[in-house]
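Trainee: Output the structure for:
(chains A and B)
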There are 2 protein chains.
Amino acid sequence: MRVLSSAVKDHVDQVVHIEGWLHKKRLLGGLTFINVRDRHGLVQVVIQDKAEVEKLRGMQIGTVLAVDGKVVKEERAPGGAELHDAHLSVSVPVTAELPIEIDKPLSHRPDNLDTLFEYRAFGLRNLQETAIFKVQAAITRALRDYFYTQDFTEIHTPKLLAAATEGGAEVFKIDYFGKEATLAQSPQFYKQIMVGIFERVFEIAPVYRAEPSATTRHMTEYTSIDAEMGFIDIAALKDLLSGLLNYVSNYIWEHHEPELTLIRATKPQLPEVVPSLSMAEIHERYSKATGQNTVGEKDLRPDEERWICEYAHKELGSEAVFVADWPASDMKFYHKAQADNPELADRVDLLFRGVEIATGSMRENDYTVVMQQLKEKAGGNPEDPGFKPLLNAMQAGMPPHGGFGMGLERLTEKFVGLNNVKEATLFPRDINRLAP
Amino acid sequence: MRVLSSAVKDHVDQVVHIEGWLHKKRLLGGLTFINVRDRHGLVQVVIQDKAEVEKLRGMQIGTVLAVDGKVVKEERAPGGAELHDAHLSVSVPVTAELPIEIDKPLSHRPDNLDTLFEYRAFGLRNLQETAIFKVQAAITRALRDYFYTQDFTEIHTPKLLAAATEGGAEVFKIDYFGKEATLAQSPQFYKQIMVGIFERVFEIAPVYRAEPSATTRHMTEYTSIDAEMGFIDIAALKDLLSGLLNYVSNYIWEHHEPELTLIRATKPQLPEVVPSLSMAEIHERYSKATGQNTVGEKDLRPDEERWICEYAHKELGSEAVFVADWPASDMKFYHKAQADNPELADRVDLLFRGVEIATGSMRENDYTVVMQQLKEKAGGNPEDPGFKPLLNAMQAGMPPHGGFGMGLERLTEKFVGLNNVKEATLFPRDINRLAP
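Mentor: Presented below is the predicted three-dimensional model:
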């Protein structure tokens, strides 16, 4: 019976059978130690018998093996115990040396990222890398748990679309049996349509953007967390996002503190209600504090995003902050202006640790207004197969509704403390990278 | 405070405020009744006051409205209660009549499917349609729950790939900044690579197949449930699939019996251990029973799949059955032959209610053998960016491992009792359909 690394310490003085990968070999004070890795971590094994030491000759990192040995308490070993009197048996030999060392933290320096990604197929076996994606899996699980508690229904919407609707330039085109199709940049219209059925829906699925520059913030493919809910106002949307961020943070720190500690992540300071500032207020405070004048600008500068996050952390006790009251001029056709101030959009962005992680807004739900905005803002043809389903749903009655989109990789990046969204992606894709 | 339809019955003799969509109007014995739909179902409202009856004039199905009314017990009403002395207020008027009636079951006759899909944006508001996708969301949730109990980690693998690796003909091609990229048909190689990191991984995400014919079984995009696990044999894979199918079935019937009953689904008969028959055995029994001779054939005929499912149901008390011991001749390069009988592949398919719902197999984990099979079976170049990451992982040591792929839509179709995989897809895609 196989015992997993996490359970070895429960078998002191017994002989256990472990299976895994050779992760490290070293000689210390005349003794040979190996670390065996399995899905729960490492087991330290002391190799004493000469015939056993001999087996290690030429055995490369990655070798798949089984070890039978007696469990001995040892505070300095991973998990607080190690195996003695070990007997090794190789299941899958590895004879080639790995081109990178995976038993110590891999460099995330910008000039090493290409190497990091090039060797992903085994570089991810490094425990720090593994920890990032263990936490990412937990984030995804926590997100869904939270949506379930809020009575959301999960949906699966198509990524193959007939026509470029929004943002034509950044859309990938496919050869669809000789005709042209495109890849979805977002499930925006479909999630809105689905409000008419389930009221509250979410989807966590890939989206595609023909992003022509390889930045630290953008990829050509990422996992989008999309939610949309009906019979709400913008305040309810803020409550949802506040609750979600807190839930995810608490969940990952409750269930994955060892992994988070290993990668030196810190638990974010998050009040139950994330503070909210208007864009005008942020411009004013930033301009006063830095001497830069951003008053009247229609967006936040990247430096301003960082500054307001630091300000919120220090002054408001929150590492997240909402940016409210965006100018209406940049609204998309399906967005809604504020009822009492049509110069402003009914939109809220969520900043977290220096960057925007979610964009939320109320959507225009009046069919006549949507039709008018489609013509004015998007120059769109209501018969366009990309717009028509949404317009059909609107015509059949849509309640006040709103939602948000958020990138899983960026959220992971910020929770675990990385500098580039690609470091939080198993196999990142950008203009220069389609492999591994 | 809004009260949801499911909670109305808890407020007998109180005045409640409900919000939703006008779902149905009718006159019965001189009284006007309306049904209001929200995310939990319907509320029946009796309209008595003349001014209120007047408001309904010209009000179309889909109108978003609020109703205040007194809750009265009424066995014949949905949920066992209805509203009296109702006051209506329209939030979003709908003036156009829907082109289809959504308050009675929509036709799923093959010649009506185009209409069914064409009007999806509001046709899904029909309660039977809604029920299908409520159950689908529950299936997805149950699948993940089960994977969590089995210590699997969720992964997100890229769908944008460099090169056509497997099954070149059915691969979609994309214009990737002037170069050619392809869309993933399966996360096969990535999930295998990830066994080297997490041992047990799963992914539920879209995959794409340029399937040139519009059948009842195939689409160009579907949601693939993929799992892969290390340090196992084919028996463990069968255990996993048996456990999973039982878990999902029990979960949906425990949590969604009303929806399943509404769409006349029946709970499948599933023993804890799904029975397994070899392909040779099935051919023999089928040939004996039907007079058709399939002995020696390398696959099951569609009629044979149906027959063996009926046989398993009647004779073995199971609506699911494994097909084991496939001929090795059709193996893909990453598949493994049986150690003691290399004429047979270490593969198992799962049939459920007449069709194959999952294909599982052990993968060849010996680097040298994989390299040889790649050349022999796929004529593949190991330097191809599509193969290289998997080969890198193999070279760095992979344990015995196997896994399966399963389509969410087909699984849904079989659990709820439909005849076409597209009926279990919100917005289906095939060679003829890219919208809505």
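Trainee: what's around the residue of the stretch 51-200 of chain A found nearest chain B, how many residues?
Mentor: Evaluated by CB to the nearest CB, the stretch 51-200 of chain A has A:Gly62 as its residue closest to chain B, separated by 3.3 Å. Where you see a C-beta, it was placed from the backbone N, CA and C, and this is true even at glycine. Neighbourhood size, A:Gly62 [other CB atoms under 10 Å in any protein chain shown]: 26.
Trainee: Over to the one 3 residues further on?
Mentor: Using other CB under 10 Å as the criterion, A:Leu65 is surrounded by 24 other residues.
Trainee: Isn't it up against A:Gly20?
Mentor: Yes: assessed by CB atoms under 8 Å, A:Leu65 is found in contact with A:Gly20 at 7.3 Å.
Trainee: A:Leu260 should be in a strand, yeah?
Mentor: No: assessed with DSSP: H, G, I helix; E, B strand; the rest coil, A:Leu260 is helix; it does not lie in a strand.
Trainee: give me the low-pLDDT residue ranges for the stretch 51-200 of chain A?
Mentor: A:164-168 (pLDDT under 70).
Trainee: Quick check: neighbours shared by A:Leu65 and A:Gly20?
Mentor: Residues touching both A:Leu65 and A:Gly20 comprise A:Val36, with contact defined as CB atoms under 8 Å, 6 or more residues apart in numbering or on different chains.
Trainee: Pretty sure A:Pro382 sits in a strand.
Mentor: No: under three-state DSSP, A:Pro382 sits outside any strand and is assigned coil.
Trainee: Check which helix or strand the nearest residue to it once chain neighbours are set aside maps to.
Mentor: Nearest non-adjacent residue to A:Pro382, counting by CB to CB, 6 or more residues apart in numbering or on different chains: A:Leu391, 5.5 Å away. Using DSSP states H and E, A:Leu391 sits within helix A:388-395.
Trainee: what about the residue of the stretch 51-200 of chain A closest to chain B, which SS state?
Mentor: Assignment for A:Gly62 (three-state DSSP): coil.
Trainee: Hmm, B:Val201 and A:Arg39 touching each other?
Mentor: No: contact between A:Arg39 and B:Val201 fails when scored by CB under 8 Å: they sit 9.7 Å apart.
Trainee: out of those two, which sits in the more crowded spot?
Mentor: Set side by side, A:Arg39 and B:Val201 show more neighbours around B:Val201, with 29 against 22, by other CB under 10 Å.
Trainee: The residue nearest to A:Pro382: what's it in contact with?
Mentor: Residues in contact with A:Leu391 (CB under 8 Å, 6+ apart) are A:Tyr367, A:Val370, A:Met371, A:Leu374, A:Pro382.
Trainee: Among those residues, which lie within helices?
Mentor: A:Tyr367, A:Val370, A:Met371, A:Leu374 (DSSP state H).
Trainee: now the second one: how far from A:Gln185?
Mentor: In this structure, A:Val370 and A:Gln185 are separated by 19 Å, where distance is defined by CB to CB, to the nearest Å.
Trainee: These two: who's more crowded?
Mentor: Remark: of A:Val370 and A:Gln185, A:Val370 carries more neighbours, 23 against 20, as counted by other CB under 10 Å.
Trainee: picking that back up, quick check, nearest of the ones in helices among the contacts of A:Leu391 to A:Glu319?
Mentor: Ranked by distance to A:Glu319 (CB to CB), these are led by A:Val370 at 36.4 Å.
Trainee: what sits up against stretch A:376-390?
Mentor: A:161-166, A:189-190, A:192-193, A:331-334, A:370-371, A:374, A:391, B:120-121, B:427, B:434-436.
Trainee: do that again at 7 Å, thanks
Mentor: For stretch A:376-390, the external contacting residues (CB atoms under 7 Å, 6 or more residues apart in numbering or on different chains) are A:161-163, A:165, A:189, A:192-193, A:331-333, A:371, A:374, A:391, B:121, B:435-436.
Trainee: now, which of those sits nearest B:Glu259?
Mentor: Nearest to B:Glu259 among the contacts of stretch A:376-390: A:Ile193, at 20.1 Å, using CB to CB.
Trainee: host element of that closest one?
Mentor: Secondary structure assignment for A:Ile193, by DSSP H and E: helix A:188-198.
Trainee: what angle do that helix and helix A:388-395 make?
Mentor: With axes from the mean of the first three to the mean of the last three CA atoms, to 10 degrees as the basis, helix A:188-198 and helix A:388-395 are set at 40 degrees to each other.
Trainee: what does the helix or strand that comes right after helix A:188-198 contact?
Mentor: Heading C-terminal from helix A:188-198, the first helix or strand you meet, by DSSP H and E, is strand A:200-208. Contacts to strand A:200-208, defined as CB under 7 Å, 6+ apart, come from residues A:140, A:143, A:147, A:150-157, A:159, A:172, A:183-187, A:191, A:194-195, A:220-229, A:408, B:39, B:159-160, B:205-206.
Trainee: Describe which strands strand A:200-208 pairs with in its sheet and in which direction.
Mentor: Taking DSSP bridges as the criterion, strand A:200-208 pairs within the sheet with strand A:153-154 (parallel), strand A:221-230 (antiparallel).
Trainee: got TSV for those, with mean neighbour count too?
Mentor: As requested, the strands paired with strand A:200-208 are exported to TSV (neighbours: other CB atoms under 10 Å in any protein chain shown):
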stretch	mean neighbour count
strand A:153-154	22
strand A:221-230	24
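Trainee: Could you export the ones you listed as JSON lines, including distance to B:Tyr251?
Mentor: Shown next, in JSON lines, are the strands paired with strand A:200-208 (distance: least, CB to CB, whole Å):
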{"stretch": "strand A:153-154", "distance to B:Tyr251": "14"}
{"stretch": "strand A:221-230", "distance to B:Tyr251": "23"}
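Trainee: quick one, which of those is nearest to A:Pro327?
Mentor: That would be strand A:221-230 among the strands paired with strand A:200-208, by CB to CB, at 23.1 Å.
Trainee: Go through the helix or strand just after the closest one and flag the buried ones.
Mentor: Next helix or strand after strand A:221-230 toward the C-terminus (DSSP H and E): helix A:234-255. Residues of helix A:234-255 classed as buried under the neighbour-count rule (16 or more other CB atoms under 10 Å in any protein chain shown) are A:234, A:237-238, A:240-249, A:251-253.
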